[in-house]
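Trainee: I need the structure of the sequence given here:
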Amino acid sequence: MDKRRSARVSLKKIVLWAMAALVVLASPAVAQQSFRDLVAQEGLGWALGRWAATTDDGQTIQLTYRWELDGHLITCDFKMGEAAYRGMIYFVPSEERVLEVGVGNDGKTSKATWEPQDGKLVCKREQVNSWGEVEKMAIVFSKGDGRTLNTALHSMDQYGDLSDEPWATLEFKPQKRQPRKAGAKAKRANK
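Mentor: Residues are numbered from 1 along each chain as shown. Have a look, this model is predicted:
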């Protein structure tokens, strides 16, 4: 008798949970404003795209910012020589902040905050290497002449204040998309 009752109660719970899940899934979704919409409102979309710069010693730096996940995420790809980095930049509505997390091919992990400031974008970054050592810096992005992207790299103190003068500056130029290789075809899954 106890087994039947237990089975009925379990079945009853499963049915109730299934109905609750259906109600939640069937109710109209309330879409929150996308990160892309906020960037457009602030007029900061100029920083997105494919960029390249050359350092004083002739090294090429490639930087790409692109939208993903229906405008709720920006991915960042950085490459300089053998060094590479991939980051994810996103808006956290409950905190009203833009955050970034990422990792480099050298094992360094990064976290950063982004904020607009006088028509520029300020990225305050903290990197931790594999030994646990923390490096702090800030990158100030500004719209250059024509279609260039200027960056100024600043040291940052323990309170998040930037140095008065940058320790390096770079001018990035826009890059065209890479053309598809001749003869390359999209692969289709066989079903």
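
Trainee: Could you list the residues in contact with stretch 43-60?
Mentor: Contact with stretch 43-60 is made by 39, 61-67, 74, 80-81, 116, 121, 141, 143, 149, 151, 170-177, as judged by C-beta atoms under 8 Å, 6 or more residues apart in numbering. Where C-beta positions appear, they are placed from N, C-alpha and C, glycine not excepted.

Trainee: Go again with 7 Å.
Mentor: The set of residues external to stretch 43-60 that reach it, using C-beta atoms under 7 Å, 6 or more residues apart in numbering, is 39, 61-66, 74, 80-81, 116, 121, 141, 143, 149, 170-175, 177.

Trainee: care to break this protein down by domain?
Mentor: With domains defined by automatic domain parsing, the chain comprises 1-29, 35-174.

Trainee: rank those domains by pLDDT, which is bottom?
Mentor: Of all the domains of the chain, the minimum mean pLDDT falls on domain 1-29 (a mean of 48).

Trainee: quick one, helices of the protein?
Mentor: Secondary structure of the chain by DSSP state H: the helices cover 2-26, 35-42.

Trainee: From Pro166, how far out is the spatially closest residue to Pro174 that is not a sequence neighbour?
Mentor: Spatial nearest neighbour of Pro174, excluding adjacent residues (C-beta to C-beta, 6 or more residues apart in numbering): Arg147 at 5.2 Å. Taking C-beta to C-beta, to the nearest Å as the measure, Arg147 falls 22 Å from Pro166.
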